[in-house]
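> Pasting the sequence and the predicted model now:
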Amino acid sequence: MKATAGVFALAFFTSALLAGTGQAEVSSRCADCHFAHRRPPSQWHLSEWDHSAHGRANVGCEKCHGGDPTTFESFLAHRGMLSARNPASPVHRANLPRTCGGCHPAAFAAFQKSRHYELLQEGNPDTPTCVTCHGNVGAYLLSPKSLYAECANCHAAGKLAPRSDFPAEGKIMLTSVREVRASLDEAKTLIKRINDKARRDRLELELEDARAPLLAAVQSAHMFVFDQMQDRLFIARKRVDMLMEELANPQPIGK
Ligand code: HEC
Ligand code: HEC
Ligand code: HEC
Ligand code: HEC
Ligand code: HEC
C-alpha cells in the first residue's frame, strides 16, 4: 500500500513537472527522492505533508528545512542543512515561529505578543510552538475539543502551568469561530442563488465585510489572551446576523 502511494506521489510530481503548471519554481526534488526512499519515522511525515495544505500548495521540504531543492545529488541537496536539534536549524522549536511566520506573518505577529513566545525565546522546553498545535508539517487545524485537550496538557490541575480557565476559554473562542464560519458559508450559498445581479453584488460585499473580522479574529487567537479575538468575533457575528436577516427578508423590488 505504502509503496503504491509513493509511486503515485512520484508520478504526481513528475507529471506536475512535465505539465509545467505555470509554477515558476522547480518542483521539490527533496520530496521526489524522499518518497523513493521512505523509511520510518519520516514516512509518516511524508504522507502528512503529501495530504496537507502545504503539499497541495507546493510548499516544498526546503521551505522549512533549507537545503538545495534543485539537485538529485544527496550530498549537494543536504549541504548546510542542520539537524532539528541544532539551535540554529530553521526547524528547531524556538525558530519555528520565524520559519513558519515567513509565510504566515499575521499569526507570527500575534504569537510574538504571547507569554508562550517569550518563554520559547528563553529556551523553555515546556511551552508550545507552532507545530505543537498544527503538527510538524502544519497539516492540522484543531477542533474546539482537541484544542481544549491541547491547552489542558499544560493548563490543568497538577500540570505545569495550572490555569484550567485557559483551555475552557480557548474552546469557547474556537467554537464561536466555527459557528460564524458556518453562517458565512450558508450565506455564501444563499447569495449565489440570487438572480438579481445588483442585489447579489451588494450582498457579496457585505459577506466580505463580515469575513474580514473573522480572519482577524483567528489571527489574534495566537496571542492566547482572547480579549481582542472576542471583540473581532463579536463584530463578525453581528455582520453575519444582519446579512442572514437581509437574506431571509428580501426588500421589495424597486427599492
Ligand atoms: C537523492 C536523494 C535525496 C535528496 C535529493 C534529498 N534527500 Fe534528504 N535524505 C535522503 C536520505 C536517503 C536520507 C537519510 C539519510 C540517513 O539518515 O541515512 C535523508 C535525510 C534527510 C533529513 C534528515 C537529516 C537528519 O539529520 O536526520 C532531512 C531533514 C532531509 N533529508 C531533508 C531533505 C531536504 C529538505 C532536501 C531538499 C533540499 C533533501 N532532503 C533532498 C535522500 C535525499
Ligand atoms: C512546514 C514545515 C515542514 C515541511 C514543509 C517539511 N518538514 Fe520535515 N520537519 C519539520 C519539523 C518541524 C520537523 C520536526 C523537527 C523536530 O524533530 O523537532 C521535521 C522533521 C523532519 C525529519 C526528521 C529528521 C529531523 O531533521 O529531525 C525529516 C527526515 C524531514 N522532516 C524531512 C522532510 C521532507 C523530506 C519534507 C518534504 C517532503 C519535509 N520534511 C517537509 C517541518 C517541515
Ligand atoms: C513557504 C511558505 C510557507 C511556510 C514556510 C509555511 N507555510 Fe503554512 N501555508 C502556506 C500555504 C501556501 C498554505 C496554503 C494556502 C493557505 O491556506 O493559505 C499554508 C497553509 C497553512 C495552514 C492551514 C492548513 C489548513 O488546513 O487550512 C496552517 C495551519 C499552516 N500553513 C501552518 C504552518 C506552520 C505551522 C508552518 C511551519 C511549521 C508553516 N505553515 C510554514 C505556506 C507556508
Ligand atoms: C496552542 C495552539 C496553537 C499554536 C501554538 C499555534 N496555533 Fe495556529 N491556530 C491555532 C488555532 C486554534 C487556529 C484556528 C483554527 C481554525 O481556524 O479553525 C489556528 C490557525 C492557524 C492558521 C490558519 C488560519 C489563518 O490564520 O489563516 C495558521 C496559518 C496558523 N494557525 C499558523 C500558526 C503559526 C505560524 C504558529 C506559530 C507562530 C501557530 N499557528 C501556533 C492554534 C495554534
Ligand atoms: C506545552 C505546554 C503549553 C501548552 C500546550 C499551552 N500553554 Fe499556555 N503557557 C504554558 C506555560 C509554561 C506558561 C507560562 C506560565 C507562567 O508564566 O507561569 C503559559 C502561559 C499562558 C498564558 C499567559 C498567562 C500569564 O499569566 O501571562 C496564557 C493566557 C496561556 N498560556 C493560554 C494558553 C492557551 C489558551 C492554550 C491552548 C490554546 C495554551 N496556553 C497552551 C504552557 C503551555
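Right, received. Where do you want to start? Ligands and ions are numbered 1, 2, ... in the order given.
> give me the number of residues near residue 103?
In terms of burial, residue 103 registers 14 neighbours under the definition other Cβ atoms under 10 Å. The way it works is simple: take the backbone N, C-alpha and C, and place the C-beta from them, glycine included.
> Tell me the spacing between it and residue 95.
Distance of residue 103 to residue 95, computed by Cβ to Cβ, to the nearest Å: 14 Å.
> Contact residues of the stretch 101-250 of the chain facing ligand 2?
Contact residues, the stretch 101-250 of the chain versus ligand 2 (Cβ under 6 Å from any ligand atom): 131, 136, 137, 138.
> Check those against ligand 4 and report the nearest one.
Within the set of those, residue 138 lies nearest ligand 4; the separation is 6.8 Å, counting by Cβ to the nearest ligand atom.
> who's in contact with that closest one?
When contacts are counted by Cβ atoms under 8 Å, 6 or more residues apart in numbering, residue 138 is found next to 52, 53, 54, 100, 130, 131.
> got it, and residue 71?
Counting by Cβ under 8 Å, 6+ apart, residue 71 touches 29, 77.
> and it, what element?
Secondary structure here is read from DSSP states H and E; on that basis residue 71 sits in neither a helix nor a strand.
> Phi first, then psi, for it.
phi -120, psi 150 (degrees, to the nearest 10).
> any idea how far it lies from residue 79?
Here residue 71 is placed at a distance of 9 Å from residue 79 (Cβ to Cβ).
> now do residue 144
Here residue 144 is placed at a distance of 44 Å from residue 79 (Cβ to Cβ).
> Looking at the two, which is more packed in?
Each of residue 144 and residue 79 has its neighbours counted (other Cβ under 10 Å); residue 144 has more, 16 against 12.
> Can you give the contact residues for stretch 92-109?
Outside of stretch 92-109, the residues that reach it under the criterion Cβ under 8 Å, 6+ apart are 59, 63-64, 82, 84-91, 111-112, 117, 120-121, 123, 125, 129-131, 138, 219, 222.
> Is ligand 4 within reach of it?
Yes: with Cβ under 6 Å from any ligand atom as the threshold, stretch 92-109 lies in contact with ligand 4, specifically through 97, 100, 101, 104, 107, 108.
> Next, count neighbours for the one residue in the stretch 151-255 of the chain that gets nearest to ligand 2.
Scanning the stretch 151-255 of the chain for proximity to ligand 2 using Cβ to the nearest ligand atom identifies residue 222 as nearest, at 16.2 Å. As a burial measure, residue 222 scores 23 neighbours (other Cβ under 10 Å).
> Pull up the per-residue confidence for the nearest residue to it once chain neighbours are set aside.
Across the structure, with Cβ to Cβ, 6 or more residues apart in numbering as the measure, the residue nearest residue 222 apart from its sequence neighbours is residue 110 (3.8 Å). According to the model's per-residue confidence, residue 110 sits at a pLDDT of 96.
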